[in-house]
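Colleague: Got a predicted model here, sequence first, then my questions.
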Amino acid sequence: MRSMNLVILLISNVLNADIARNVLSCCSYHNQVIVCTGIGAGETFPSIFEAKNLRRNGSIFSEIYVIEENDILFNHSQFVMAQHIKYHQPRNCKFYPVYHANPVKELASIIKDINKPITFVLSSQFPDWTIPEKQNLILEELDQIKQHHIKRHVILIDYIYFGNVDIESIKKKLLEINSHYIFKLEKGGHLGREENAVLAAFFDSKN
């Protein structure tokens, strides 16, 4: 068991895409529901629970959805979620499922019954050294979000420079979801330390 925990720890440290910890605290990115995809999800948990809503005296997010395709990282995300819930005991967060699924194919079916704007943290296109031929399918993942009946989601995309999908193509796809998106680059990438590694799509509070 100790050796397995060590392996999971090493995987978490070596294969890690993450938005910087302060990004989710930005009020422009706040929704009650957050959906995280990919291996960055496990390391995004601290950011989720540290983003506080002072008016509600608790976490900003009342529902947390995590979607992970990799078997080992799915189990790791389940474990990490349980530990953070136990430690933080967020009074307003009552629903926090972890799904073993491929977000490029199954994200739309998972979110279809959510009737609130969502904050998405998309890290599933992180490059994988065990699969050197892995393709960046972020446009297909955004097509899954495009199917949702609500069009005012906040979307944070990590590792926007991976593969042959350029940032302008990503912005174009986002504008298909909502033509009023505002774009901003945030800190993220490996260990959340790379400048301008996260593309944020959000709205002006006046609109």
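Modeller: Ah, there it is.

Colleague: element containing the residue nearest the centre of the chain, please.
Modeller: Residue closest to the average C-alpha location in the chain (Cα atoms, centre = their mean): V121, at 2.0 Å. Under the criterion of DSSP states H and E, V121 resides in strand 118-122.

Colleague: Same question for F74.
Modeller: In this structure, F74 is located in helix 71-88 according to DSSP H and E.

Colleague: Please tell me how far that helix is from the chain's geometric centre.
Modeller: On the basis of Cα atoms, centre = their mean, to the nearest Å, helix 71-88 sits 15 Å off its chain's mean C-alpha point.

Colleague: List the buried residues in that helix.
Modeller: In terms of neighbour count (16 or more other Cβ atoms under 10 Å), helix 71-88 has its buried residues at L73, F74, H76, S77, Q78, V80, M81, H84, H88. To be clear about C-beta, it is placed using only N, CA and C from the backbone, and glycine gets the same treatment.

Colleague: likewise stretch 197-207?
Modeller: Across stretch 197-207, burial judged by 16+ other Cβ under 10 Å covers A197, V198, L199, A200, A201, F202.

Colleague: likewise stretch 140-158?
Modeller: Residues E141, L142, D143, Q144, I145, H148, H153, V154, I155, L156, I157, D158 are the ones in stretch 140-158 that count as buried (16+ other Cβ under 10 Å).

Colleague: Export those as TSV, with columns for pLDDT, distance to E106 and secondary structure.
Modeller: TSV is the format used below for the buried residues of stretch 140-158 (pLDDT from 0 to 100; distance: Cβ to Cβ, whole Å; DSSP: H, G, I helix; E, B strand; the rest coil):
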residue	pLDDT	distance to E106	secondary structure
E141	95	10	helix
L142	97	14	helix
D143	98	12	helix
Q144	98	8	helix
I145	98	12	helix
H148	98	13	coil
H153	97	17	coil
V154	97	21	strand
I155	97	17	strand
L156	94	20	strand
I157	92	18	strand
D158	86	19	strand
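
Colleague: out of those, what pair is the most spread apart?
Modeller: H148 and D158 (20.1 Å; Cβ to Cβ).

Colleague: quick one: the helix or strand following the helix holding F74 to chain centroid distance?
Modeller: Going down the chain from helix 71-88, the next helix or strand is strand 98-100, by DSSP H and E. Per Cα atoms, centre = their mean, the displacement of strand 98-100 from the mean C-alpha position of its chain is 13 Å.

Colleague: Please enumerate the helices of this protein.
Modeller: Using DSSP state H, the helices found in the chain span residues 2-14, 40-50, 71-88, 103-111, 138-146, 167-177.
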